[in-house]
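Colleague: generate coordinates for the sequence data below:
(one chain, ligands or ions: 1)
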Amino acid sequence: MLTKEEEAMLNGEMGEGVQKAMEIIVALGKIYNAKELIKVESAHISGVSYKNLGDEGLEFLEEFASMGVKTIVEATLNPAGMDMESWEELGFSREFAEKQTRIVKAYERMGVKATCTCTPYLIGNKPKFGQHIAWSESSAIIYANSILGARTNRESGISALASAITGRTAKYGLHLDENRLADYIVKVKCDVKGVSDFGALGYLIGKIVGDKVPYITGIKIADLDELKALGASMAASGAVGLFHMENITPETKIKKMIKDHAEEIEIENLKEAYETLNYDIREIDVVSIGCPHASIEEIRKVAYMIKGRKVKSQLWITTSRRIYDEAKRQGLLEIINEAGGKVIRDTCIVVAPIEELGFKTLATNSAKMATLSPSHSKVKVRFGSLEDCIKAALSGVWNDN
Ligand code: F3S
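Modeller: Presented below is the predicted three-dimensional model:
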């Protein structure tokens, strides 16, 4: 059932662009048997890199923008295919840069903030507990649902954009209480320490639970960077949109978030994840830290580790512009640049056309990046702790010991 205002949007009374956006929302509602639409507080929109969108996507966005549509709720943008300022010095082609710039401008004309980050929650688009939102970008969705307790389905870029324009989404899936209960209880029986271990755990859980909701027990303490890594890899190896962690994620502190007949599984160790995600390579062309985009704490850790030293392979720390500016203000950028590393805004190794830059081998502490970059960026990968990655950056080779 639609309200009068929603009917007006659908009938084209608010313009052709709004009508098209509302048609998308209504079609989704029909597919998933939603009874009504709900208002959303914010949208986060993926589908930004020209590498993924191509000319067709670019033309669609420019055409949509030319209809004069405007977002009516806060809307932020996922990473682009390049650092929007330093693309030339990083070696991206002018042709790619021109098309990428047109894509970002088309979004800006529609009122979307060109944040170009997969961590909007670190730079101000941080929904509150219980708020309904329409986000795309799997790592941001799972963070918003699980760690912030907001409510979003796994939207596509286009459906998130449609929500930004109409301020609505269809009420189904993770917007409903009953679908937020866990289907699996995952008992973790091993030590899990640092971003790479949490990513490895997420990788294993995602493989097992697919698109279901896991309830994780056995973890006593986890910081936000670790939870960010856990969710991102779970959403990449599986299609998880929400997880609970006993006494850590907010909904578990309010009520029992487990279905009556939830299946129990145990994770005894993380070996399988490390074995599966590691290629047998030694020379490392580029080390990538910051998937999902690095927080200021992650950048600080790297800066302290390489202070006064020199990297032999390329070291890319990918982050948002806002965190980049903060790193600059704190003097961290200078330390990293002096050591030969680079803090890169707006993009990451997976969505940038790094094939153009000639990278063949990569080391990362992100299980999500280790999962996706072999297929998306045609690189062979070493996956390990931040310490292992920094050692590889300083020596140019991966050392197993
Ligand atoms: Fe973000 Fe790129 Fe990783 S978009 S989650 S840094 S693959």
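
Colleague: domain parsing for the chain?
Modeller: 4-175, 181-274, 278-395 (automatic domain parsing).

Colleague: possible to save the ones you listed as TSV with mean neighbour count?
Modeller: To be clear about C-beta, it is placed using only N, CA and C from the backbone, and glycine gets the same treatment. What follows is the domains of the chain, written out as TSV (neighbours: other C-beta atoms under 10 Å):
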stretch	mean neighbour count
domain 4-175	20
domain 181-274	20
domain 278-395	21
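
Colleague: okay, these in TSV with mean pLDDT next?
Modeller: Output for the domains of the chain, formatted as TSV (pLDDT from 0 to 100):
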stretch	mean pLDDT
domain 4-175	97
domain 181-274	97
domain 278-395	97
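
Colleague: make CSV out of these and add distance to the ligand.
Modeller: Converted to CSV, the domains of the chain look like this (distance: least, C-beta to the nearest ligand atom, whole Å):
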stretch, distance to the ligand
domain 4-175, 3
domain 181-274, 5
domain 278-395, 3
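
Colleague: in contact with the closest residue to Lys228 other than its chain neighbours, which residues?
Modeller: Counting by C-beta to C-beta, 6 or more residues apart in numbering, Lys228 lies nearest to Pro292, which is 5.5 Å off, once chain neighbours are set aside. By C-beta atoms under 8 Å, 6 or more residues apart in numbering, the residues touching Pro292 are 118-119, 139-140, 143, 228-229, 232, 366, 368.

Colleague: quick one: which of these is nearest Gln330?
Modeller: When these are ranked by distance to Gln330 (C-beta to C-beta), Thr119 comes first, at 17.7 Å.

Colleague: tell me what the closest residue to Thr115 other than its chain neighbours is bridged to.
Modeller: Leaving aside its sequence neighbours, Thr115 sits nearest to Thr76 (C-beta to C-beta, 6+ apart; 4.4 Å). As for beta bridges, Thr76 partners with His44, Lys113 under DSSP bridges.

Colleague: quick check: Ile216 touching His244?
Modeller: Yes - here Ile216 lies in contact with His244, judged by C-beta atoms under 8 Å, at a distance of 6.8 Å.

Colleague: ends of stretch 117-124, what's the gap?
Modeller: 12 Å (C-alpha to C-alpha, to the nearest Å).

Colleague: same question, stretch 227-247
Modeller: For stretch 227-247, the end-to-end distance is 13 Å (C-alpha to C-alpha).

Colleague: before we move on, what about stretch 317-331?
Modeller: 15 Å.

Colleague: so where do the strands sit in the stretch 201-350 of the chain?
Modeller: Listed in chain order, the strands of the stretch 201-350 of the chain (DSSP state E, counting those that start in this stretch) span 214-217, 244-245, 258-267, 286-289, 314-319, 342-345.

Colleague: and those strands as TSV, adding distance to Leu386?
Modeller: Converted to TSV, these look like this (distance: least, C-beta to C-beta, whole Å):
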stretch	distance to Leu386
strand 214-217	22
strand 244-245	21
strand 258-267	22
strand 286-289	7
strand 314-319	11
strand 342-345	15
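
Colleague: need the helices for the stretch 51-200 of the chain, in chain order.
Modeller: Shown for the stretch 51-200 of the chain, the helices assigned by DSSP state H, counting those that start in this stretch span residues 87-90, 94-109, 138-146, 157-166, 194-209.

Colleague: now do the stretch 201-350 of the chain
Modeller: Using DSSP H, counting those that start in this stretch, helices in the stretch 201-350 of the chain cover 224-237, 271-277, 296-306, 321-329, 332-338.

Colleague: the first one vs helix 296-306, what angle?
Modeller: Comparing the axes of helix 224-237 and helix 296-306 via axes from the mean of the first three to the mean of the last three C-alpha atoms, to 10 degrees yields an angle of 100 degrees.

Colleague: so which elements touch helix 224-237?
Modeller: helix 138-146, helix 194-209, helix 367-377 (3 or more C-beta pairs under 8 Å, 6 or more residues apart in numbering; DSSP states H and E).

Colleague: ok now that helix, how far from the chain's centre?
Modeller: 9 Å (C-alpha atoms, centre = their mean, to the nearest Å).

Colleague: ok now stretch 235-250, how far from the chain's centre?
Modeller: 14 Å.

Colleague: that stretch: end-to-end distance?
Modeller: Per C-alpha to C-alpha, stretch 235-250 runs 19 Å from first to last residue.

Colleague: not counting its neighbours along the chain, what's nearest the residue positioned nearest the centre of the chain?
Modeller: With distances taken as C-alpha atoms, centre = their mean, Ser139 lies nearest the centre of the chain, 3.4 Å away. Nearest residue to Ser139, sequence neighbours excluded (C-beta to C-beta, 6+ apart): Ala232, at 3.7 Å.

Colleague: which residues touch that neighbour?
Modeller: With C-beta under 8 Å, 6+ apart, Ala232 has these contacts: 138-139, 142-143, 199, 202, 291-292, 366-368.

Colleague: just Cys118 next, same as before
Modeller: 78-79, 137, 139-140, 292-293, 348.

Colleague: what does Ala363 give?
Modeller: Counting by C-beta under 8 Å, 6+ apart, Ala363 touches 284, 286-288, 313, 381-384, 388-389, 392-393, 398.

Colleague: okay if I get those residues as CSV plus distance to Leu181?
Modeller: Output for the contacts of Ala363, formatted as CSV (distance: C-beta to C-beta, whole Å):
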residue, distance to Leu181
Ile284, 43
Val286, 42
Val287, 40
Ser288, 36
Ser313, 45
Val381, 35
Arg382, 38
Phe383, 32
Gly384, 35
Asp388, 38
Cys389, 37
Ala392, 42
Ala393, 43
Trp398, 42
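
Colleague: list the residues that contact Val18.
Modeller: 9, 12, 69, 165-166.

Colleague: so it: helix, strand or coil?
Modeller: helix (DSSP: H, G, I helix; E, B strand; the rest coil).

Colleague: ok, back up a step: touching, the residue nearest to the centre of the chain and Met369? I think so.
Modeller: No - using C-beta under 8 Å, Ser139 is not in contact with Met369, being 10.5 Å away.
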